[in-house]
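>>> predicted structure and sequence below. I'll ask about it afterward.
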Amino acid sequence: MGAGAQSAVLRDLQKAHGKLQDVSRYIIPRDDLAIAYATADAVDKKGVAIARGSSVGFGVDEPIVKTLLTVRRFDPTIRSAACIRYEDDILATAVETLRDVEVYDPEKFPAGISTMDWGIASVCRKGVPLAIANPESSRGPGRICLLGTTPEEVANRILIISQRLTYIDI
């Protein structure tokens with residue numbers, strides 16, 4: 001992974017993250033909105049950049065990075081991901097908007113394996129969806145992970161879901 005590839009990833013990530021400044025606070029998770037973007041040859045966290053708040057950088061150990069790396073085992077063209085809050089109305093809007101949304105139950109995972117790895121892998125075996133959701137459980141808060149080839153694509157999906165939720169509330 002060269003410096004040029006890293007610079008391009010950071011530039012595209014910052015641009016997409018900037019588009020999300022006016023997104024509805026309702027869909028933002030408690031730990032803030034993070035968007036990740038992997039270099040084309042990423043195999044570990046060193047090849048994935050993340051933007052959260054005002055910080056942007058490579059090598060951060062975040063759940064979104066682990067999710068993206070797991071998804072890339074099934075489809076290496078997926079290079080970007082972001083998680084939004086899980087609520088029934090947000091999930092319904094994501095399903096209505098994206099159509100290709102898979103849900104897994106984190107309470108049903110086999111012992112001895114990471115819940116997230118198992119959940120992501122279980123829904124990606126038949127093909128990677130546009131979003132993967134898991135409801136809140138004893139293992140942690142629920143989330144809806146939006147996937148795409150670029151951070152701009154993922155940011156646009158977040159904006160569309162946010163706008164539809166705002167329109168519904170009016």
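All right, it came through fine. Residues are numbered from 1 along each chain as shown.

>>> give me the helices and strands touching the helix or strand bottoming out on mean pLDDT in the chain, please.
Counting by mean pLDDT, DSSP states H and E, the weakest-scoring helix or strand in the chain turns out to be helix 115-124, with a mean of 76. In terms of contacts (3 or more CB pairs under 8 Å, 6 or more residues apart in numbering; DSSP states H and E), helix 115-124 is packed against helix 63-74, strand 131-134. Backbone N, C-alpha and C define where each C-beta goes, glycine included.

>>> centroid-nearest residue for the chain?
Residue closest to the average C-alpha location in the chain (CA atoms, centre = their mean): Ala82, at 2.6 Å.

>>> now it, what's its secondary structure?
Put simply, Ala82 is strand when judged by DSSP: H, G, I helix; E, B strand; the rest coil.

>>> what ranges do the helices span in this structure?
3-19, 63-74, 88-98, 115-124, 151-169 (DSSP state H).

>>> among the ones you listed, which comes closest to Cys145?
Nearest to Cys145, of all these, is helix 63-74, at 5.4 Å by CB to CB.

>>> what's the mean pLDDT across that closest one?
For helix 63-74, mean pLDDT rounds to 92.

>>> centre of the chain to it, how far?
Between the centre of helix 63-74 and the centre of its chain there are 9 Å (CA atoms, centre = their mean, to the nearest Å).

>>> buried set for that helix?
Using 16 or more other CB atoms under 10 Å as the burial criterion, the residues of helix 63-74 that qualify are Ile64, Val65, Lys66, Thr67, Leu68, Leu69, Thr70, Val71, Arg72.

>>> which other helices and strands contact it?
So helix 63-74, by 3+ CB pairs under 8 Å, 6+ apart, packs with strand 34-38, strand 48-52, strand 80-85, helix 115-124, strand 143-148.

>>> any chance of those in TSV, plus distance to Ile158?
What follows is the helices and strands packed on helix 63-74, written out as TSV (distance: least, CB to CB, whole Å):
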stretch	distance to Ile158
strand 34-38	8
strand 48-52	13
strand 80-85	6
helix 115-124	19
strand 143-148	6
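
>>> tell me which of these lies nearest to Lys19.
Among the helices and strands packed on helix 63-74, the nearest to Lys19 by CB to CB is strand 34-38 (9.7 Å).
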